[in-house]
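S.K.: sequence and predicted structure below; questions after.
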Amino acid sequence: MSDVVVITGASGGIGRATARRFAQDGAKIALVARGHAGLEATAREVEERGGKALVIPTDVADPDQVEAAAQTTENELGPIDVWINDAMATIYGEFLDVEPDEYRRATDVTYHGMVWGTRAALRRMAERNRGTIVQVGSALAFRGIPLQAPYCGAKHACKGFTESVLTEIRHHGWDVHVTMVHLAGFNTTQFTWGRTKLSKQTQPVPPIYQPEIAADAIHWAAYHRRRQVYVGLPTVLNVLGERVAPWFLDWYLGKTGYGSQLTKQPLNGGASHDNLFHPVDGDEDRGAHGPFDEQAHAHSFQTSLTKHRRLAGSLAAGVGAAATGAALLRKR
């Protein structure tokens with residue numbers, strides 16, 4: 001029987017790519033987001049790939065709408081097996097240029113959206129004693145960078161919130177798996193519709209990866225009981241750097257963190273580049289990819305190693321043993 005999967009933020013970017021990936025399994029997928037055009041286009045892609053799509057326009061910042069989306073999913077598709085919290089909103093600009101209502105809104109979507117999604121999913125999964133919740137996190141949950149204070153703060157909060165929920169699940173002994181998939185910089189639609197206070201087009205911090213890499217990692221995490229999955233080498237470096245030398249990252253990001261997030265392309269902003277309070281697509285579907293296809297990597301060797309770390313460990317041990325043996329032979 002096909003799994004019932006809920007994906008928030010499904011109208012574009014990584015959520016869109018993730019819906020395509022689960023559709024290949026024939027999954028029944030509830031597509032949750034605000035943008036109607038993007039949702040309808042995602043639904044067509046899901047059906048074309050062998051899945052079943054249910055479009056549920058929802059603002060994840062509203063707990064009542066999220067609860068209604070969960071109930072609609074179970075009424076129409078059946079008990080939820082996998083819930084993926086991917087929805088996010090951000091603002092590009094220095095902290096002092098971000099207004100309180102903007103900061104609050106970005107936090108409500110990115111952080112509270114995950115909270116309400118987890119609550120709706122866990123209430124149902126705990127009663128059945130089964131299910132999986134996938135939290136789409138970020139390298140920025142471990143280390144903040146300039147020009148994205150609302151997003152970095154929200155992703156830090158998401159990590160702490162999820163750890164708290166995990167302890168309660170362990171206390172009750174529920175067979176509910178919760179995993180966090182922490183992502184590096186991806187070529188997604190957030191760079192074509194996120195509100196910005198800057199005069200130039202923003203970009204992910206290089207190296208840039210295609211959203212299908214993230215989608216594959218999210219799909220993998222849903223079916224493997226790994227507590228955390230790091231996607232992209234910069235994520236690993238962020239985690240290690242913050243543990244070993246946070247003072248160095250303060251200095252380094254202060255020097256490079258602005259330029260690494262900006263292209264040379266002037267940007268006028270406007271309503272077509274601002275989805276903070278309202279979706280911007282109208283009758284336009286922006287797909288899964290952002291404007292950086294030429295620079296983005298289609299593969300991540302680090303992510304492949306992460307998914308197969310036992311094999312990688314065995315190969316490393318084998319190489320080490322071979323090198324040791326060769327050294328001993330040379331000494332004879």
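M.R.: Thanks, I have the structure now.

S.K.: next, the buried residues of stretch 113-122.
M.R.: Gly113, Met114, Val115, Trp116, Gly117, Thr118, Ala120, Ala121, Leu122 (16 or more other Cβ atoms under 10 Å). Heads up, the C-betas are built off the backbone N, CA and C, glycines and all.

S.K.: any idea how many residues pack against the spatially closest residue to Glu284 that is not a sequence neighbour?
M.R.: Excluding the flanking residues, the one nearest Glu284 by Cβ to Cβ, 6 or more residues apart in numbering is Ala37, at 6.0 Å. By the measure other Cβ atoms under 10 Å, the count of residues near Ala37 is 17.

S.K.: ok so, going back, and of the buried residues of stretch 113-122, the nearest to Thr306?
M.R.: If you rank the buried residues of stretch 113-122 by distance to Thr306 using Cβ to Cβ, Met114 comes first, at 22.0 Å.

S.K.: can I assume the residue nearest to Glu284 is in contact with Trp193?
M.R.: No. Using Cβ atoms under 8 Å, Ala37 makes no contact with Trp193, being 12.0 Å away.

S.K.: what are the contacting residues of the helix or strand the residue nearest to Glu284 falls within?
M.R.: Here Ala37 sits within helix 36-48, counting by DSSP states H and E. Applying Cβ atoms under 8 Å, 6 or more residues apart in numbering, the external contacts of helix 36-48 come out as 10-12, 16, 19-20, 23, 29, 31, 33, 52-55, 57, 279, 281-287.

S.K.: in PyMOL, how would I select the buried members of those?
M.R.: Selection command for PyMOL covering only the buried members of these, criterion 16+ other Cβ under 10 Å:
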select buried, resi 10+11+12+16+19+20+23+29+31+33+52+53+54+55+57+279+281+285+286+287
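
S.K.: next step: the contacts of helix 36-48 restricted to strands.
M.R.: Ile29, Leu31, Ala33, Lys52, Ala53, Leu54, Val55, Pro57 (DSSP state E).

S.K.: present the residues you listed as TSV; the columns should include distance to Ile218.
M.R.: Formatted as TSV, the ones in strands among the contacts of helix 36-48 follow (distance: Cβ to Cβ, whole Å):
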residue	distance to Ile218
Ile29	13
Leu31	15
Ala33	16
Lys52	19
Ala53	17
Leu54	19
Val55	20
Pro57	22
